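In: would you be able to build a 3D model of this:
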Amino acid sequence: QVQLLESGGGLVQAGSSLTLSCAGSGRTFSRDAMGWFRQAAGKQREFVAVFSWAGNAYYADSVKGRFTISKDNAKNTVYLQMDSLKPEDTAVYSCASSSSYTGTDYREYHYWGQGTQVTVSS
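Out: Now for the predicted structure:
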């Protein structure tokens, strides 16, 4: 069974840092693009960052310069280092993978984790 499992969410103050992890199992994700998306209460899911199978990282403008995505193929894991967190970063963060797409459209991703809550207080 293919699974993605996120961890690392929590409640932090504005200006703090968190690192999210997403561990894959059931297949190798080394040739997949792996991305992070988030959904705040009452809002649509939005793209945060993606790490392509070729090793390139792309970010939403809202997180560029504050968030860093990385991937460890040996561990089948993708990470999201989040610095200088803001209250508007509060959301459920989910990781996703695609073997054929690297982009911002969540509908093109095949596998999804269950999500982890990040809450940033002011």
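In: only C-alpha atoms from now on, for both contacts and neighbour counts.
Out: OK.
In: for the spatially most central residue of the chain, what are its contacts?
Out: Nearest residue to the geometric centre of the chain (C-alpha atoms, centre = their mean): residue 36, 2.3 Å. Shown in contact with residue 36 (C-alpha atoms under 8 Å, 6 or more residues apart in numbering): 47, 48, 49, 50, 80, 93, 94, 95, 96.
In: give me the beta-bridge partners of it?
Out: Beta bridges link residue 36 to residue 49, residue 95, judged by DSSP bridges.
In: which residues sit against stretch 115-122?
Out: The contact list for stretch 115-122 (C-alpha under 8 Å, 6+ apart) reads 5-14, 85-95.
In: filter those to the buried ones?
Out: 5-7, 9, 12, 14, 85-86, 89-95 (16 or more other C-alpha atoms under 10 Å).
In: so which of those sit within strands?
Out: The strands, defined by DSSP state E, take in 5, 6, 7, 12, 91, 92, 93, 94, 95 from the buried ones among the contacts of stretch 115-122.
In: so which of the contacts of residue 36 is the closest to residue 106?
Out: residue 47 (7.2 Å; C-alpha to C-alpha).
In: not counting its neighbours along the chain, what's nearest the closest one?
Out: residue 37 (4.6 Å; C-alpha to C-alpha, 6 or more residues apart in numbering).
In: thought that neighbour was touching residue 60?
Out: No: if you go by C-alpha atoms under 8 Å, residue 37 and residue 60 don't touch, sitting 9.9 Å apart.
In: list residues touching both of those two?
Out: Residues touching both residue 37 and residue 60 by C-alpha under 8 Å, 6+ apart: 47, 48, 49.
In: most neighbours of all these, which one?
Out: With neighbours taken as other C-alpha atoms under 10 Å, the top of those is residue 49, carrying 26 neighbours.
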